[in-house]
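Asks: Just to be clear, the model below is a prediction. Sequence and coordinates:
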4 protein chains.
Amino acid sequence: MAVRRPVRTAADNGGAPKGGSDRRAELLRIAARLFASRGYTQTTVRDIADEAGILSGSLYHHFASKEEMLDEILRDFLGRLLERFAAIEQAEQDPRKVLDLLVQHSFAVIHETPDAVALYQNESASLSGQPRFAYVDQWGRRIERIWLRALTAGQESGVFRADVDARLTYRFIRDTVWCSVRWYRPRGRFRHEAVSEQYLRILYGGLVTE
Amino acid sequence: MAVRRPVRTAADNGGAPKGGSDRRAELLRIAARLFASRGYTQTTVRDIADEAGILSGSLYHHFASKEEMLDEILRDFLGRLLERFAAIEQAEQDPRKVLDLLVQHSFAVIHETPDAVALYQNESASLSGQPRFAYVDQWGRRIERIWLRALTAGQESGVFRADVDARLTYRFIRDTVWCSVRWYRPRGRFRHEAVSEQYLRILYGGLVTE
Amino acid sequence: MAVRRPVRTAADNGGAPKGGSDRRAELLRIAARLFASRGYTQTTVRDIADEAGILSGSLYHHFASKEEMLDEILRDFLGRLLERFAAIEQAEQDPRKVLDLLVQHSFAVIHETPDAVALYQNESASLSGQPRFAYVDQWGRRIERIWLRALTAGQESGVFRADVDARLTYRFIRDTVWCSVRWYRPRGRFRHEAVSEQYLRILYGGLVTE
Amino acid sequence: MAVRRPVRTAADNGGAPKGGSDRRAELLRIAARLFASRGYTQTTVRDIADEAGILSGSLYHHFASKEEMLDEILRDFLGRLLERFAAIEQAEQDPRKVLDLLVQHSFAVIHETPDAVALYQNESASLSGQPRFAYVDQWGRRIERIWLRALTAGQESGVFRADVDARLTYRFIRDTVWCSVRWYRPRGRFRHEAVSEQYLRILYGGLVTE
DNA sequence: CATGAATGAGATTTCATTCAT
DNA sequence: AATGAATGAAATCTCATTCAT
């Protein structure tokens, strides 16, 4: 007999876009967790089913394929991220303030949905080139452009140093911010606000005392 | 039973990393390239054999298992890295100079052996916990300690700002440096020396003009 | 355990084959169409349910199994066919007239219920041996005997040539007639009466001019 | 332990086009037999492997997929058939002689490679539309044209009756000839030459005595 | 050293069927 | 009558590994 684990309320779902059932969202959460910790390929559908307390075949009542789960998780994550970044860019004029908010929001997202972030970090490279996941690259580029506009605007207005390449700088920042998902622990010594703050301190002021 | 050929010390390879006098070394280079680009699990032994122009079964004349290839590549890479970092620490007193050299050497390593770096970046997490690969964590921690000593020494001597956590700072730096393997192109616009230089400029001086 | 609903006699369907007063009959018509076009095994119960606008599980309110649908379709078809062939044999004396009517009726049946014919053509071989479908072979043999009696009677009375084997001749005729379901189009250039007529012309008179 | 059945000589292979090994040809023969008797979809790769005395996974050492086996069998069969039909058309002038030879060769093919014929008969419909099997339709149409040319040539020269549609006549003949694979037994009462002869007798002279 | 055939475990997926609601 | 979730068996396919030649 299958052990049925209590179904969590849909409340913590953050408003799933697809009208799908509770069960579907719950399964996606389980999948995201496993994909993030073991890697997409190393996670078997049986792993997911086991965690959900059902048989692996039963997953296909909810999803057409393992890939569809990955797709749905990434689409949801990236869509929301892009939306939020665009809103930040629109709401603020000051490049430095924009960068502040972009960084802070990123660390907050890592805090809130670490699985999706880790998944994106680890799998996006191998997804590149697959038609189904074309949006991953596309939306990634749109996000890059938002950050780049803030950086170059800051350089032009003189608030950011101009003797560094903006694209390079973006990559440095992006890697530091998102890679932190690997070591950040929500209940660790530093909460995400502190991490943001310390990072921005170094990023803006530099490590060396004058 | 697998036929284990005597494992050579890293020394006789280290002399001629590109020389490829040996079939074994050649196969490892092919494996590293494939592991790095597709991921270890996604690379099949047939992929490696195909690239080498032999049948997959024939690989087992050279290596006891696919895992042994991974092991050998990582052991060689990490061993050399640790050795070099230790040498830098010993040779220099000035914490800032040490950090300079650590960063510069790291980017140089990414330039020279991007496959091994990518492999380490992508696979070390899933290797954690496997007895055979215990050294990966161990040597990683030893490397961390070298960087941490430089950072805290710098903070104590007043050359590095003291209002940031050294461990956090290490992670920021480490992630930026090593993650660059994902986008760094040896023949791209920036050579590794330029990347080092720009990164150190921001790291030391900060992004914001005073 | 499957819930078996009382099986209706073919009679109360036979009166209104196209009427579709009933959900059950409607579902059978959909199933027959799909079975005929994709093959029984390749048709999933979900395919049938989809076409009917319900969920696959709901089909089991109407039928105990997928097999029951096949059974019902074939039983209805073969029963009716046998009945009609027997009636033709009884009504006519002249072997040639009997053969005329058998052929004409066959093409008419193909015209009217192509799905059932195709189903019988394609699946009867794999049904052979299954107890549940023993009647398929049995009724098929009864039909064969009707045709054979007409052929041998014709040979004995001298109207049909006696230098060919009757059983072989039956097979030639049967295959030509029933295989036409594969290419016959109800709205095509030839209506079934024309097909009958052309076939009988060749069958009786031969292809070669005197 | 797997029971190894004796490998047949390649001699009865009729000159396989692909240079492949003996084993491959042997496996294809087994597959063809099973595909023909159970149907392609109903035959599992395990069935084939069992018959060959190996494990199902081992089949994939020889073939990329179950579909590849079907492909290879059909391509070989149809290619040879088309070639032979074309040769007959070229060698003979007299339409009646051409038709004679086409019919005789067809029954001979049924005698010699009944599995491939049955496979073609049963599966070609469901293959229609699949890019990989586009040649099945194409080559089938080329074969049709050969038969049609013989029929219309005969009608024009007055040797075949002109009051029947040639295309319809072709279908009647084709269905009779090829469908016989369902009942023809190589060791039965009639050898294929006798079947040919009886069929041609009826086809040419008609069933009715003048 | 290399081939080529095979193993055997395990992966994803399919699908008829059941059943509580 | 119908839904929606689940079962469970079986299918195709993958792949690291073995081993006789």
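Replies: Sure, I can see it.
Asks: Going by C-alpha atoms from here, please, whenever you check contacts or count neighbours.
Replies: Fine.
Asks: Residue numbers of chain A in contact with chain C?
Replies: Where proximity means C-alpha under 8 Å from any C-alpha of the partner chain, chain A presents no interface facing chain C.
Asks: Which residue ranges of chain A form helices?
Replies: Applying DSSP state H to chain A gives helices spanning A:22-38, A:45-52, A:66-91, A:95-112, A:114-127, A:134-156, A:166-179, A:192-205.
Asks: Any idea how many residues pack against A:Val109?
Replies: 18 (other C-alpha atoms under 10 Å in any protein chain shown).
Asks: Which residue is the nearest non-sequential neighbour of it?
Replies: Spatial nearest neighbour of A:Val109, excluding adjacent residues (C-alpha to C-alpha, 6 or more residues apart in numbering or on different chains): A:Val117 at 7.8 Å.
Asks: With A:Trp147 instead?
Replies: Nearest residue to A:Trp147 in three dimensions, chain neighbours excluded: A:Tyr170, at 6.9 Å (C-alpha to C-alpha, 6+ apart).
Asks: Over to A:Phe85?
Replies: Using C-alpha to C-alpha, 6+ apart and skipping residues adjacent in sequence, the residue nearest A:Phe85 is A:Leu102, 6.6 Å away.
Asks: and that neighbour, what pLDDT?
Replies: A:Leu102 is assigned a predicted lDDT (pLDDT) of 98.
Asks: My guess is A:Ile73 contacts A:Ala116. True?
Replies: Yes: with contact taken as C-alpha atoms under 8 Å, A:Ile73 and A:Ala116 are classed as touching, separated by 6.8 Å.
Asks: quick one: contacts for the residue nearest to A:Val109?
Replies: A:Phe77, A:Val109, A:Ile110, A:Trp178, A:Val181 (C-alpha atoms under 8 Å, 6 or more residues apart in numbering or on different chains).
Asks: Who wins on neighbours among the residues you listed?
Replies: Most neighbours among the contacts of A:Val117, by other C-alpha under 10 Å: A:Ile110, with 24 neighbours.
Asks: Contact partners for the closest residue to DNA strand F within chain A?
Replies: Using C-alpha to the nearest atom of the strand, A:Ser58 is the residue of chain A that sits closest to DNA strand F, at 3.0 Å. Residues in contact with A:Ser58 (C-alpha under 8 Å, 6+ apart) are A:Ala49.
Asks: which parts of chain A sit against DNA strand E?
Replies: Applying C-alpha under 7 Å from any atom of the strand, one finds that chain A approaches DNA strand E through A:41, A:43-46, A:56-58, A:60-61, A:64-67.
Asks: Return stretch A:39-52 as PDB; C-alpha atoms alone will do.
Replies: Extracted in PDB, the C-alpha atoms of stretch A:39-52 (Å, rounded to 0.1, in the frame of the first residue of the first chain):
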ATOM      1  CA  GLY A  39      20.500  17.100 -10.700                       C
ATOM      2  CA  TYR A  40      17.900  16.700 -13.300                       C
ATOM      3  CA  THR A  41      19.300  13.600 -15.000                       C
ATOM      4  CA  GLN A  42      20.300  11.900 -11.800                       C
ATOM      5  CA  THR A  43      16.800  12.300 -10.400                       C
ATOM      6  CA  THR A  44      14.600   9.400 -11.500                       C
ATOM      7  CA  VAL A  45      10.900   9.700 -11.900                       C
ATOM      8  CA  ARG A  46      10.800   7.000  -9.300                       C
ATOM      9  CA  ASP A  47      12.600   9.200  -6.900                       C
ATOM     10  CA  ILE A  48       9.900  11.800  -7.300                       C
ATOM     11  CA  ALA A  49       7.100   9.300  -7.100                       C
ATOM     12  CA  ASP A  50       8.500   7.800  -4.000                       C
ATOM     13  CA  GLU A  51       8.700  11.100  -2.300                       C
ATOM     14  CA  ALA A  52       5.100  11.800  -3.300                       C
END
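Asks: and the residue nearest the centre of chain A, how far is that from B:Trp178?
Replies: Central residue of chain A (C-alpha atoms, centre = their mean): A:Val117, 3.1 Å from the mean position. Distance, A:Val117 to B:Trp178, by C-alpha to C-alpha, to the nearest Å: 18 Å.
Asks: do you know how far A:Arg96 is from chain C?
Replies: According to C-alpha to the nearest C-alpha, to the nearest Å, A:Arg96 stands 56 Å off from chain C.
Asks: hang on, isn't that residue packed against A:Gly158?
Replies: No: assessed by C-alpha under 8 Å, A:Arg96 is found out of contact with A:Gly158, at 10.7 Å.
Asks: ok, those two, which is more surrounded?
Replies: Comparing A:Arg96 with A:Gly158 by other C-alpha under 10 Å, the one with more neighbours is A:Arg96, at 18 against 12.
Asks: The closest residue to that one other than its chain neighbours: how many residues sit nearby?
Replies: Leaving aside its sequence neighbours, A:Arg96 sits nearest to A:Gly154 (C-alpha to C-alpha, 6+ apart; 6.7 Å). A:Gly154: 23 surrounding residues under other C-alpha under 10 Å.
Asks: residue contacts, A:Gly154?
Replies: Contacts of A:Gly154 by C-alpha under 8 Å, 6+ apart are A:Asp94, A:Pro95, A:Arg96, A:Phe160.
Asks: TSV for those, including pLDDT?
Replies: Shown next, in TSV, are the contacts of A:Gly154 (pLDDT from 0 to 100):
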residue	pLDDT
A:Asp94	97
A:Pro95	97
A:Arg96	96
A:Phe160	97
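Asks: what about A:Gly129, how many neighbours?
Replies: 12.
Asks: measure it to D:Arg161 for me?
Replies: 62 Å.
Asks: With A:Asp165 instead?
Replies: 87 Å.
Asks: Break chain A into its domains for me.
Replies: The record, using automatic domain parsing to delimit domains, assigns chain A the ranges A:10-61, A:66-205.
Asks: low-confidence ranges in chain A?
Replies: Scanning chain A with the threshold set as pLDDT under 70 gives A:1-21.
Asks: For chain B, what is the nearest residue in it?
Replies: In chain A, no residue comes nearer to chain B than A:Gly206, which is 3.5 Å away by C-alpha to the nearest C-alpha.
Asks: How about the contacts made by A:Asn122?
Replies: A:Ala36, A:Gly39, B:Asn122.
Asks: Give me the neighbour count for A:Ile73.
Replies: 21.
Asks: related to what we said a few turns ago, residues contacting the residue lying closest to the residue of chain A closest to chain B once chain neighbours are set aside?
Replies: Once flanking residues are discounted, A:Gly206 sits nearest to B:Gly206: 3.5 Å by C-alpha to C-alpha, 6+ apart. Going by C-alpha under 8 Å, 6+ apart, B:Gly206 touches A:Ile202, A:Leu203, A:Tyr204, A:Gly205, A:Gly206, A:Leu207.
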